[in-house]
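Enquirer: okay, here's the prediction I keep looking at, along with the sequence it came from:
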Amino acid sequence: MAGPRELAMQAKVMESERRRVKSRGSLDADIIIANAPDPVFVSDLEGKILQANDAVSQLLGFRQDEVLEQSLARFISPEETREFRAALREVVERGVMRNVVLNPRSAGGEVIPTSLNASALRDPDGRAIGVIGILRDMRELDKARAYAESLIKNAPDPVFVSDLEGKILQANDAVFALLGFRPDELIEQSLSRIISSAETREFLAALREVVERGVTRNARLNPRSASGEGIPTTLNASALHDTDGKVIGAIGILRDMRELDKARAYAESLIKNAPDPVFVSDLEGKILQANDAVSALLGFRPDEVLEQSLSRFISPEETREFTAALREVVERGVTRNARLNPRSASGEGIPTTLNASALRDGDGRVIGALGILRDMRELDKAKAYAESLIKNAPDPVFVSDLEGKILQANDAVFALLGFRADELIEQSLSRIISPAEARAFLAALREVVERGVTRNAHLNPRSASGEVIPTTLNASALRDPDGKVIGAIGILRDMREYEQVVRDLEKSKGELQEKILDLEKFEEVVVGRELKMIALEKELESLRKVVGRSKGDSV
């Protein structure tokens, strides 16, 4: 132990050194220490405090005069005093010491957890004559650690902490429940005890990724349980840092993939056995999986389809449309009725529609699309046939959506109304019928949706010349490939001739009624005359009888 004379000499040397540094124009060490935000002190090699800044007083609650010239042994336990002196020897030998744990007692008696980093204080000859120590208040960090340990312990997922060699330092109950081991059978054990040699190498590679990038995702592990069962899991891990920010290990979260693997196997079975052509692609359009129905549709073998880009089978323009559909899948989770015309093995362009939904990874992130193709050849033929029927029908036939917009009309409609095709197609029926009839037509459309048909609705459209044409409408439902009503097919019947016939009949009826009245009058006159003749004849007969009697009397 240095004597008073040596200590006085060291103090003089330190003062001389400070003056020499000042004379060079450098910042005064006293100023740096005094204004440091962390608690900083200077001690000799015996642990006596020679200098301390205000942050030390604030940390411990002592006045400056209660700290200076005091031994650190006054504030720390005897055991920590021994550890601190050992640390001082390390400073002398190596010039620095890091993360020494000290728990000084404050003026209020509170034990304050701190860590000490210290470097050597040297005289002009380079000899270590003391230390400059920086304390770090660990109370908040210890609370954070306790909180983190509580989160790990109570996490519903299996969570463990390992060092960079793969040794398990901590694990929660969910880990033990997953693997069936007791804590003493896992803690301080290497992960290589429960995973294969190949997976151990992969895990160490994942740890290197954690060191480099701070995280690793979805590493596959198949740890063996206590019963010997291989349990499929995925590992997401993030870096565990020390107080200096250095990566010292990893916090790993395991996800039990047994149920998910069963679900995937079931999904793959559904895809394989689906009657419709079903495929899975990544977000670049590369086909990852396709069922036999795809091969049957396109005429390619599975090995000619898998790992190929859809751009091999569709045109550049459709490739752009498909890429846009994939973006819609990412944003909305689904895309419907995208048109694709893939080329078959024979070179035939096959009209199809694509409905696709999002394929997600374990974190719910969209990683691809599950697509279902519908062969539209027969439907397109049916549509072409229907369009031909509409076009060539003798009656006026039109197609409208559920808002009453005219989507299609045949020549008989244009002949009836006198409009050109461009004056009617994509126009609302309300352009050619009255507001009241527009409401009646929309009501008829609702009836079409509910019942599939409406009959003899009255419409009086205005022709191009302004003539109001009386018609009746019979309409049936127009359905999409899924059977949903999307509009109506309407047939108009020109009622002008019928109404003319009705008017003619009404006129004939009136004329007939007039003739009947005339006949009735004539009959009345004739009958009256006959009655008068009968009366005269009766009167004449009476006169004859009177005359006859008169002659008899005369004789």
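Expert: All right, it came through fine.
Enquirer: other SSEs contacting the lengthiest helix in the chain?
Expert: Using DSSP state H, we find that the single longest helix of the chain is helix 496-554. Using 3 or more CB pairs under 8 Å, 6 or more residues apart in numbering; DSSP states H and E as the contact test, no helix or strand touches helix 496-554. Heads up, the C-betas are built off the backbone N, CA and C, glycines and all.
Enquirer: any idea of the mean pLDDT in that helix?
Expert: Computed over helix 496-554, the mean pLDDT rounds to 76.
Enquirer: same check, this time on stretch 405-422
Expert: 91.
Enquirer: check for me that residue 161 belongs to a strand.
Expert: Yes - counting by DSSP: H, G, I helix; E, B strand; the rest coil, residue 161 is located in a strand.
Enquirer: nearest residue to it in space, please, no chain neighbours.
Expert: Spatial nearest neighbour of residue 161, excluding adjacent residues (CB to CB, 6 or more residues apart in numbering): residue 170 at 4.0 Å.
Enquirer: just the element for residue 255, please.
Expert: Using DSSP states H and E, the element containing residue 255 is strand 247-256.
Enquirer: and for the very next helix or strand once past that strand, what are the contacting residues?
Expert: Using DSSP H and E, the helix or strand that follows strand 247-256 in sequence is helix 258-273. For helix 258-273, the external contacting residues (CB atoms under 8 Å, 6 or more residues apart in numbering) are 231, 232, 278, 280, 289, 291, 292, 362, 370.
Enquirer: residues of helix 258-273 that come out buried?
Expert: Buried residues in helix 258-273, defined by neighbour count with 16 or more other CB atoms under 10 Å: residue 271.
Enquirer: so what touches stretch 127-137?
Expert: Contacts of stretch 127-137 (CB under 8 Å, 6+ apart): 10, 13-14, 33, 36, 38-45, 50, 56, 59, 88, 91-92, 95, 102, 112-123, 243.
Enquirer: list buried residues within those.
Expert: For these, buried by 16+ other CB under 10 Å: 10, 13-14, 33, 39-45, 50, 56, 59, 88, 91-92, 102, 112, 114-122.
Enquirer: does residue 440 really touch residue 457, like I thought?
Expert: Yes - contact criterion CB atoms under 8 Å: residue 440 and residue 457 qualify, at 6.5 Å.
Enquirer: related to what we said a few turns ago, go through the strand holding residue 255 and flag the buried ones.
Expert: 247, 249, 250, 251, 252, 253, 254, 255, 256.
Enquirer: just put the residues you listed in CSV and tack on distance to residue 376 and pLDDT.
Expert: Formatted as CSV, the buried residues of strand 247-256 follow (distance: CB to CB, whole Å; pLDDT from 0 to 100):
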residue, distance to residue 376, pLDDT
247, 57, 89
249, 58, 88
250, 53, 89
251, 53, 90
252, 50, 90
253, 46, 92
254, 47, 92
255, 41, 90
256, 43, 90
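Enquirer: and those, which is closest to residue 158?
Expert: Using CB to CB, residue 254 comes nearest to residue 158 of the buried residues of strand 247-256, at 4.1 Å.
Enquirer: okay, and the beta partners of the closest one?
Expert: Bridge pairing for residue 254 (DSSP bridges) gives the partners residue 235.
Enquirer: how far away is it from residue 341?
Expert: Residue 254 is 46 Å from residue 341, where distance means CB to CB, to the nearest Å.
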